[in-house]
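Visitor: Turn this into a model:
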Amino acid sequence: MALFTGTEFVIGALLAGWFFWVGAGGILGGRMLSRGGRANFRLFRGLAIFAAILLPVTTMCIRLGRGFIARPPGALPPIAPALAFSLAVIAPFGFVYGTLYNVGSELWRENRGGLRMGISMVYVWEAAGSFFGALVFSFVLIACFSQFEAAVITAFLLILSVSLYPFGEAFRYRTATALLAVAFIAGALSPSIDRSSFEAVYPGYRVGRFFSSRYGEIVVASKEEVTSVFSGGGRLFSFPEPERVEEVIHIPLLLCPKPSSVLLIGGSLGGGWEEALKHPSVENLDCIELDGSLFKLGIGASASSDSIVSGAIRRGGGSGKPVYVRFIATDGRFYLSGGTHRYDVIILNSPPPVNLQWNRFYTREFFMIARNCLLPGGIFAFTHPSSENFLSEEQANVLRSCELTLQDVFRNVKALPGSTVHFIASDSVVEPDSIIPRLRARHIDAPFVGEGYLPFRFSRDRMELLRSDLERAGSIQRNSDAHPYLPLLELVLEGSKGGSSMMTGFRAMLGIPSFVPAGMLVALALVAFAVSRAGAKARFAVWGVGFASFLLQLLVLLAYQSFSGLLYQAIVFLTALFMAGAAAGALVSIRHEEWGARGLKLIHGAFMVLAVVLPAWTTVLRHVHPSYALGSLGFLVCAVCGGFLTGLYYPIVVRTAYPEDGSSAPATFYAWDIFGACVGGMTGGLIFFPVIGVGGTVFCIVLIHAFAAVLLAGKW
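Guide: Below is the predicted model of the structure:
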């Protein structure tokens with residue numbers, strides 16, 4: 001995720017690459033094993049140790065790859081090289097992981113008897129291991145260690161587990177001693193390796209502090225007199241950067257007659273909150289940052305300690321009127337959705353919505369939440385990069401979508417021109433001509449937002465030029481949670497800037513009618529089902545379940561992100577719940593050997609019901625606004641149920657369709673399951689969700705399960 005700076009449209013592509021290599025290992029690895037004779041534990045141990053060695057190596061390669069692909073440091077990496085690199089770097093580990101499935105199945109047959117039972121039981125234990133691994137990662141490793149250290153610890157535990165069995169006590173003692181020595185050396189060297197790698201990722205910078213948080217690896221680096229804070233490779237903010245900070249803060253505050261209560265969503269660090277205090281009418285200032293660890297950096301114009309804390313701050317060297325300032329570590333959208341706070345001015349300082357994490361702050365639903373939290377005459381404001389005198393078609397489309405989405409919610413919307421366009425929204429009249437008189441009256445020291453600059457920037461000619469450029473874009477689609485249109489426009493814009501043929505290829509997706517992806521899916525399914533032989537129909541059924549299950553899980557992740565904003569932490573936890581459900585479902589299915597074709601049909605029907613329940617739950621959340629725990633419960637249940645149905649399905653197919661002579665690789669159906677997930681990842685993240693939205697994606701999920709139930713769930 002850090003390689004792409006969190007572009008969620010490629011979450012599916014990244015996971016699809018993982019699924020592809022694991023599936024390739026399952027198929028090709030199984031064929032290689034069938035030529036070499038029976039599996040043994042020595043082979044299993046060798047593959048596991050090799051995978052353990054690959055884990056920290058792969059983790060370090062991903063970190064260094066981000067630095068080599070994205071230049072200068074902090075820039076958005078070109079999507080084509082980043083995607084190609086990510087697919088290549090995970091290939092060795094994924095292939096070995098898929099091969100291990102075959103070895104485990106063969107070992108079960110040799111020790112317990114029955115290859116079909118071995119295939120199903122390995123599926124159960126693999127899913128259960130994924131569940132516990134995800135919990136350890138989410139609540140222990142990511143909180144206490146860097147990513148490289150977490151990979152080293154995991155590799156050590158894996159090597160330890162396969163090295164201590166099944167030998168005698170003397171061998172175990174020597175092995176444990178050697179492993180502890182290796183672990184001690186690796187632990188001692190890890191900080192030095194971390195620092196050296198970060199220095200390679202940020203050439204020309206002096207790397208100071210670095211640590212891990214729930215949202216990425218935080219790096220504080222300096223270049224000349226400027227200190228920058230990076231998270232996951234992307235630049236969060238720099239200090240000092242007065243020209244940017246003054247513009248973002250002062251223009252919306254000057255448009256408000258008397259701002260008393262102000263909310264900054266992002267951008268408070270690096271000088272934002274100090275600039276807001278220059279307005280004498282401000283009495284309460286709330287500053288929200290998603291990553292609370294940033295407050296501990298102590299970075300700001302007047303920060304003299306190791307952390308920034310909430311409290312009363314006096315103006316004018318301690319003699320002025322106190323202002324109560326709060327620094328709040330939470331998601332800005334979730335904070336406002338409670339509806340318990342009211343503000344005169346809400347300033348959103350978020351990066352452009354190139355991904356769904358940031359797009360949540362540019363949708364119709366969020367604008368409505370922000371409007372409900374404004375006092376009478378209140379102002380909501382945000383900025384978007386633009387150009388001084390000319391807007392390209394791609395840039396105009398992005399800005400026009402922002403404007404039209406705002407106009408659906410607010411009565412008065414103003415777009416103020418410049419290299420950064422200011423969007424000002426309110427239910428009251430907004431007068432840009434009032435900025436200069438208020439700047440004089442408040443005696444604000446802001447050299448980069450002064451009388452020599454603002455009259456030229458907001459001149460009548462420049463305002464009319466921006467107005468004509470925006471109207472030239474026409475009636476662009478509005479941006480919403482259920483149909484996120486802006487990230488697609490942003491990708492097209494980024495492609496036009498960098499000349500990326502792949503990113504500009506997203507332009508063709510903008511004009512695709514919503515019925516086309518569903519129609520293509522129907523046609524491909526009909527052809528595949530018609531030409532497949534009886535033995536291949538089971539593989540197509542498993543492929544369809546993998547495809548639809550991944551689409552459903554992707555919708556769960558993205559819908560949960562719209563609700564809470566915690567995708568980077570929740571993606572592992574929700575996936576863990578899916579795997580826990582898969583393990584439980586497979587275990588239940590194994591214990592009911594009488595379940596056959598009729599059970600498969602019922603499972604397909606349950607999948608269709610579950611696909612409809614998810615958007616219904618998100619609709620309820622928009623109107624009810626429950627507590628965080630209750631709101632999250634629906635997404636957690638959907639993840640578990642999706643995994644449970646997938647786990648139920650797999651053993652039935654294995655005992656019904658796997659050849660009794662064992663002529664196929666043990667991981668055949670496992671591979672087809674994840675091949676389906678692979679296609680679901682590519683099409684779901686890049687086509688279905690951005691082009692046809694939640695409703696169209698749900699329709700496709702129901703469609704594929706209906707075909708499987710009607711055409712494939714009979715006798716193989």
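Visitor: Relative to the longest strand along the chain, what are the paired strands and their orientations?
Guide: Scanning the chain for the longest strand, with DSSP state E as the assignment, gives strand 374-385. Strand 374-385 pairs in its sheet with strand 343-348 (parallel), strand 420-426 (antiparallel), by DSSP bridges.
Visitor: Show me the contact partners of the helix or strand following that strand.
Guide: Counting by DSSP states H and E, the element after strand 374-385 in chain order, helix or strand, is helix 393-407. For helix 393-407, contacts defined as CB atoms under 8 Å, 6 or more residues apart in numbering pick out 352, 362-364, 367, 384, 386-387, 391, 413, 415, 421, 423, 425, 469-470, 472-480, 485-486, 489-490, 492-493, 496. C-betas here are computed from N, CA, C, even on glycine.
Visitor: Drop anything exposed from those.
Guide: 352, 362-364, 367, 384, 386, 391, 413, 415, 421, 423, 425, 469-470, 473, 476-480, 485-486, 489-490, 492-493, 496 (16 or more other CB atoms under 10 Å).
Visitor: Which of those fall within strands?
Guide: H384, V413, A415, V421, F423, A425.
Visitor: from these, which single one is nearest V637?
Guide: A425 (36.3 Å; CB to CB).
Visitor: Centre of the chain to the longest helix along the chain, how far?
Guide: Taking DSSP state H as the criterion, the chain has its longest helix at helix 169-201. Helix 169-201 sits 31 Å away from the centroid of its parent chain (CA atoms, centre = their mean, to the nearest Å).
Visitor: what angle do the following helix or strand past that helix and helix 169-201 make?
Guide: As assigned by DSSP H and E, the chain's next helix or strand after helix 169-201 is strand 206-213. In terms of direction (axes from the mean of the first three to the mean of the last three CA atoms, to 10 degrees), strand 206-213 departs from helix 169-201 by 130 degrees.
Visitor: so what secondary structure elements neighbour the helix or strand hosting L285?
Guide: Using DSSP H and E, L285 sits in strand 284-289. Applying 3 or more CB pairs under 8 Å, 6 or more residues apart in numbering; DSSP states H and E, one finds that strand 284-289 contacts strand 261-265, helix 272-276, strand 322-329.
Visitor: Remind me what the first one packs against, helices and strands.
Guide: Of the remaining helices and strands, those touching strand 261-265 by 3+ CB pairs under 8 Å, 6+ apart are helix 272-276, strand 284-289, strand 343-348.
Visitor: Name the residues that touch the second one?
Guide: Spelled out, that is strand 284-289. Applying CB under 8 Å, 6+ apart, the set of residues contacting strand 284-289 is 260-266, 268-269, 272-273, 276-277, 295, 323-330, 332, 335, 341, 343.
Visitor: how about the closest residue to P77 other than its chain neighbours, what does it touch?
Guide: Distances taken as CB to CB, 6 or more residues apart in numbering place A70 nearest to P77, at 3.8 Å, with adjacent residues excluded. Residues in contact with A70 (CB under 8 Å, 6+ apart) are T5, L76, P77, A82, G233.
Visitor: Out of these, which sit inside helices?
Guide: A82.
Visitor: and which of the contacts of A70 is nearest to L54?
Guide: A82 (20.5 Å).
Visitor: For that closest one, the count of nearby residues, please.
Guide: 22 (other CB atoms under 10 Å).
Visitor: quick one: it and I69 touch, right?
Guide: Yes. Applying CB atoms under 8 Å as the test, A82 and I69 come out as touching, 5.4 Å apart.
Visitor: Now tell me which helix or strand of the chain has the poorest mean pLDDT.
Guide: helix 501-504 (a mean of 60; mean pLDDT, DSSP states H and E).
Visitor: before we move on, the earlier item: identify, from the contacts of A70, the entry nearest to E224.
Guide: Once CB to CB is applied, the member of these that ends up nearest E224 is G233, at 20.9 Å.
Visitor: of the helices and strands packed on strand 261-265, which approaches V201 most closely?
Guide: strand 284-289 (23.0 Å).
Visitor: If we go by neighbour counts, what in that closest one is buried?
Guide: L285, D286, C287, I288, E289.
Visitor: and the residue nearest to the third one when sequence neighbours are not counted, how many neighbours?
Guide: If I follow you right, that is C287. With sequence-adjacent residues excluded and distances taken as CB to CB, 6+ apart, C287 is closest to S268, at 3.4 Å. Residues near S268, counting by other CB under 10 Å, number 30.
Visitor: residues touching S268, list them.
Guide: C287, I288, E289, F327, N349.
Visitor: so where does M520 fall, helix or strand?
Guide: helix 515-531.
Visitor: got it, and F675?
Guide: Using DSSP H and E, F675 falls in helix 668-683.
Visitor: ok now that helix, how far from the chain's centre?
Guide: 20 Å.
Visitor: From the contact counts, what lies against that helix?
Guide: Against helix 668-683 (3+ CB pairs under 8 Å, 6+ apart) you get helix 11-36, helix 91-112, helix 115-136, helix 534-564, helix 628-657.
Visitor: got those helices as CSV, with mean pLDDT and mean neighbour count columns?
Guide: Shown next, in CSV, are the helices and strands packed on helix 668-683 (pLDDT from 0 to 100; neighbours: other CB atoms under 10 Å):
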stretch, mean pLDDT, mean neighbour count
helix 11-36, 75, 21
helix 91-112, 83, 21
helix 115-136, 82, 20
helix 534-564, 78, 24
helix 628-657, 85, 22
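Visitor: Save those helices as CSV, and put in distance to I687 too.
Guide: CSV is the format used below for the helices and strands packed on helix 668-683 (distance: least, CB to CB, whole Å):
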stretch, distance to I687
helix 11-36, 9
helix 91-112, 23
helix 115-136, 27
helix 534-564, 11
helix 628-657, 21
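Visitor: Please name whichever of the ones you listed is nearest to W595.
Guide: Across the helices and strands packed on helix 668-683, closest to W595 is helix 628-657 (CB to CB), at 5.6 Å.
Visitor: Could you name the helices and strands sitting against that closest one?
Guide: helix 115-136, helix 534-564, helix 567-590, helix 597-624, helix 668-683.
Visitor: and of these, who's closest to S238?
Guide: helix 567-590 (22.3 Å).
Visitor: can you give me how far that closest one is from the chain middle?
Guide: 18 Å.
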